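Engineer: All I have is the shape, not the residue letters:
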Ligand SMILES: Cc1cc2nc3c(=O)[nH]c(=O)nc-3n(C[C@H](O)[C@H](O)[C@H](O)COP(=O)(O)OP(=O)(O)OC[C@H]3O[C@@H](n4cnc5c(N)ncnc54)[C@H](O)[C@@H]3O)c2cc1C
């Protein structure tokens with residue numbers, strides 16, 4: 001990482017530590033209603049026109065009617081409707097494929113908005129644009145760009161991203177497909193040597209895909225050069241009999257029948273039997289094979305695979321936003337229900353039944369998730385701002401951590417919405433159980449969450465180790481940089497509030513707790529791996545190292561959660577400070593944002609209460625009761641504005657049932 005990058009990160013982080021003191025001054029009361037228009041414009045962001053155009057299309061075109069929620073439809077019909085919907089979105093020409101690189105903010109905004117309609121549509125784009133398109137854009141060179149990018153963007157060349165195999169999912173480094181170079185013909189021979197080596201899962205395989213990027217082991221003169229990507233045609237000329245083209249020689253496909261969700265996607269298995277492709281079909285941005293079969297690469301062999309995979313962070317950010325959009329829709333629908341559903345009354349004699357949104361348990365089952373959704377939304381917006389300037393490895397860590405925590409939170413939130421809606425939550429037409437099932441896939445797709453947390457923990461551990469290794473100084477006297485710069489300002493004792501206010505409502509106190517937790521967890525992982533055991537250090541990359549690492553995997557999940565919670569709070573605060581500097585935002589709206597931030601931090605702290613008490617970071621006899629009361633009261637106070645908060649998500653009417661009555 002160069003010095004100017006480090007300086008820039010340090011400045012941003014310094015700014016973030018300062019913002020809490022500014023923010024405490026915003027008026028704390030929640031009596032006034034926040035401004036719906038202002039909230040909506042903050043959430044819609046600078047590309048709000050793009051959002052409006054897409055939402056207009058969803059409302060007006062019957063292609064976006066979710067027929068599968070009202071009756072059983074044939075899978076083929078669902079798949080064709082999904083493709084038709086994608087083509088109608090493409091016709092709006094809102095984004096270009098190159099926006100993934102040149103304007104990720106616009107691209108992410110677009111992707112989040114398309115996640116509001118049938119989720120199969122957004123996943124079809126994840127396959128077509130992020131994965132198939134992304135491999136050509138990021139791993140290919142000019143010749144590939146000229147040949148394929150336009151067709152991918154306008155939907156005339158539908159493609160597959162063939163990474164996962166039946167035998168290897170998370171550990172794709174172990175995949176078996178081979179690409180053997182045939183010097184005489186200047187061709188690669190792509191082969192699936194075993195049943196387990198078939199490409200398994202990719203969308204667009206079983207029906208629509210014409211081409212595929214296939215990840216395979218490059219074999220040159222009998223030597224395995226590791227995993228590289230190749231463009232392989234899988235279907236040929238189209239005809240009446242084969243509207244998407246007849247399978248090419250040596251290509252065998254199978255369909256992965258019905259799934260729990262995303263049935264508009266034609267996921268399948270792909271076996272390649274010695275399929276020949278020309279030499280130029282190797283995606284050669286990072287490494288090349290010349291006509292004589294000589295291998296050239298500027299990247300050290302041990303970094304090649306990581307480098308190849310590192311380009312896909314944008315797809316991971318898209319899936320994260322996918323699950324966030326599902327949560328927004330689910331919360332809107334559940335709030336509609338809770339407002340309109342009346343059960344029981346204040347007394348047995350009272351004729352007037354109460355809307356279930358009046359019950360304290362409903363507050364607790366919905367409002368913290370609304371707070372989390374706002375917090376994660378602001379965090380994703382901040383990450384989108386940082387993508388062009390931050391180092392790739394930091395963005396990789398952010399997008400991995402946020403994808404994991406956002407999708408896990410989405411499943412939890414949508415289950416809560418489902419239960420709040422009683423039996424109505426089960427009806428597919430009310431969408432919530434459907435959204436929950438789709439959010440569930442996000443915990444596995446684009447990298448299994450549990451596996452991703454190991455990458456975040458490794459990144460943070462590496463940064464920590466760089467500073468502490470070989471130093472005789474205690475941690476307090478070391479100077480951390482970049483992501484870990486916050487450690488330099490960590491005080492032993494928590495900040496005391498300026499006024500007589502309750503410490504638990506103090507945002508600086510939350511920040512201190514969240515920072516301390518992350519720091520202590522990273523320190524713990526470091527001492528397990530780099531500390532002395534029976535007075536000796538563990539040699540890295542040994543069986544013993546692996547045993548300790550393996551035992552520490554649950555800790556990696558905790559570290560990722562701690563890292564994402566800390567970042568979420570800082571990024572949310574940063575956005576609030578930006579808004580407070582604008583004359584357009586009224587005090588009631590700012591107050592609401594601040595209290596959503598406060599509630600989210602408190603809920604995350606409560607989830608890990610045992611840790612905070614056990615480490616002495618929180619003490620006091622009735623702390624748990626105080627924390628519980630604070631969350632209950634904040635949830636109650638915010639609940640009176642639940643409708644405004646969820647209306648600001650502006651879910652199109654078509655996808656937002658139960659707004660006026662329950663049928
Ligand atoms: C609907 C859908 C669409 C998909 N689309 C595509 C696509 O277009 N292209 C493509 O290439 N792939 C695609 N995939 C595949 C997807 O990327 C994989 O499912 C994912 O990477 C996980 O692999 P797996 O399913 O083999 O799970 P496994 O790797 O078998 O994992 C199972 C469990 O083992 C755990 N585990 C694995 N390794 C470790 C470890 N080191 N430490 C601790 N725990 C571990 C995981 O946490 C997980 O819980 C798709 C999958 C689905 C479901």
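Structural biologist: Received it, and whenever you're ready, just let me know what you need. Worth saying up front: this structure is predicted, and the values here are computed from it rather than measured.
Engineer: In the stretch 51-200 of the chain, which residue sits nearest the ligand?
Structural biologist: With distances taken as Cβ to the nearest ligand atom, the stretch 51-200 of the chain approaches the ligand most closely at residue 169, which sits 1.7 Å away. Where C-beta positions appear, they are placed from N, C-alpha and C, glycine not excepted.
Engineer: Just confirm that residue is within a strand.
Structural biologist: No: the assignment for residue 169 (DSSP: H, G, I helix; E, B strand; the rest coil) gives coil, which keeps it out of a strand.
Engineer: That one touches residue 448, doesn't it?
Structural biologist: Yes: proximity of residue 169 to residue 448 meets the contact threshold set by Cβ atoms under 8 Å, at 7.4 Å.
Engineer: if I look at the residue of the stretch 51-200 of the chain closest to the ligand, how far off is residue 621?
Structural biologist: Plainly put, residue 169 is 49 Å away from residue 621 if you go by Cβ to Cβ, to the nearest Å.
Engineer: do the same with residue 628
Structural biologist: Summarising the geometry, the distance separating residue 628 from residue 621, computed by Cβ to Cβ, is 14 Å.
Engineer: Neighbour count for these two, which is higher?
Structural biologist: Neighbour count, other Cβ atoms under 10 Å: between residue 628 and residue 621, residue 628 has more, with 15 against 7.
Engineer: Go ahead and confirm that one touches residue 605.
Structural biologist: No: taking Cβ under 8 Å as the definition, residue 628 is not a contact partner of residue 605, at 11.5 Å.
Engineer: the helices in the stretch 501-650 of the chain, which residues?
Structural biologist: With DSSP state H, counting those that start in this stretch applied, the stretch 501-650 of the chain shows helices at 507-530, 543-551, 553-580, 587-607, 609-614, 623-639, 642-647, listed in chain order.
Engineer: give me every residue that touches the residue in the stretch 501-650 of the chain that the ligand sits nearest to.
Structural biologist: In the stretch 501-650 of the chain, no residue comes nearer to the ligand than residue 553, which is 5.6 Å away by Cβ to the nearest ligand atom. For residue 553, the set of contacting residues under the criterion of Cβ atoms under 8 Å, 6 or more residues apart in numbering consists of 450, 454.
Engineer: same check, this time on the one 4 residues further on
Structural biologist: Contacts were defined as Cβ under 8 Å, 6+ apart; by that measure residue 557 touches 450, 453.
Engineer: measure it to residue 340 for me?
Structural biologist: Between residue 557 and residue 340 the distance is 38 Å, computed by Cβ to Cβ.
Engineer: near the ligand, which residues of the stretch 51-200 of the chain?
Structural biologist: 127, 131, 161-164, 169-170 (Cβ under 6 Å from any ligand atom).
Engineer: let's go with 8 Å and repeat that
Structural biologist: With Cβ under 8 Å from any ligand atom as the criterion, the stretch 51-200 of the chain meets the ligand at residues 123, 126-127, 131, 160-164, 168-172, 199-200.
Engineer: Equivalent analysis for the chain, please.
Structural biologist: When proximity is defined as Cβ under 8 Å from any ligand atom, the chain approaches the ligand at 123, 126-127, 131, 160-164, 168-172, 199-204, 215, 259, 261-262, 265, 267, 441, 444-451, 454, 550, 553.
Engineer: Could you list the low-pLDDT ranges of this protein?
Structural biologist: Low-confidence regions of the chain, defined here as pLDDT under 70, cover residues 1-29, 497-501.
Engineer: hmm, try it at 50
Structural biologist: Within the chain, the ranges that satisfy pLDDT under 50 run 1, 5-6, 8-10, 13-15, 17-18, 25-27.
Engineer: Domains in it, by residue range?
Structural biologist: Following the assignment in automatic domain parsing, the chain carries domains at 159-300, 449-641.
Engineer: Run the chain-centre distance for the longest one.
Structural biologist: Here the centre of domain 449-641 is set off from its chain's centre by 20 Å, with Cα atoms, centre = their mean, to the nearest Å.
Engineer: got the buried residues for stretch 577-588?
Structural biologist: If you call a residue buried by 16 or more other Cβ atoms under 10 Å, then stretch 577-588 has these buried ones: 577, 579-580, 585, 588.
Engineer: quick one: terminal-to-terminal distance for it?
Structural biologist: End-to-end span of stretch 577-588 (Cα to Cα, to the nearest Å): 14 Å.
Engineer: How about stretch 287-301?
Structural biologist: Distances were taken as Cα to Cα; on that basis the terminal residues of stretch 287-301 are 10 Å apart.
Engineer: For it, buried residues please.
Structural biologist: The neighbour-count check on stretch 287-301 (16+ other Cβ under 10 Å) flags 287, 289, 295, 297 as buried.
Engineer: got the contact list for that stretch?
Structural biologist: Contacts made with stretch 287-301 from outside it, assessed by Cβ under 8 Å, 6+ apart, are listed as 181, 183, 186, 218, 220-221, 225-226, 228, 279, 282, 286, 304, 307.
Engineer: Can you select the buried ones from these in PyMOL?
Structural biologist: Buried subset of the contacts of stretch 287-301, written as a PyMOL selection, criterion 16+ other Cβ under 10 Å:
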select buried, resi 181+218+225+228+279+282+286+304+307
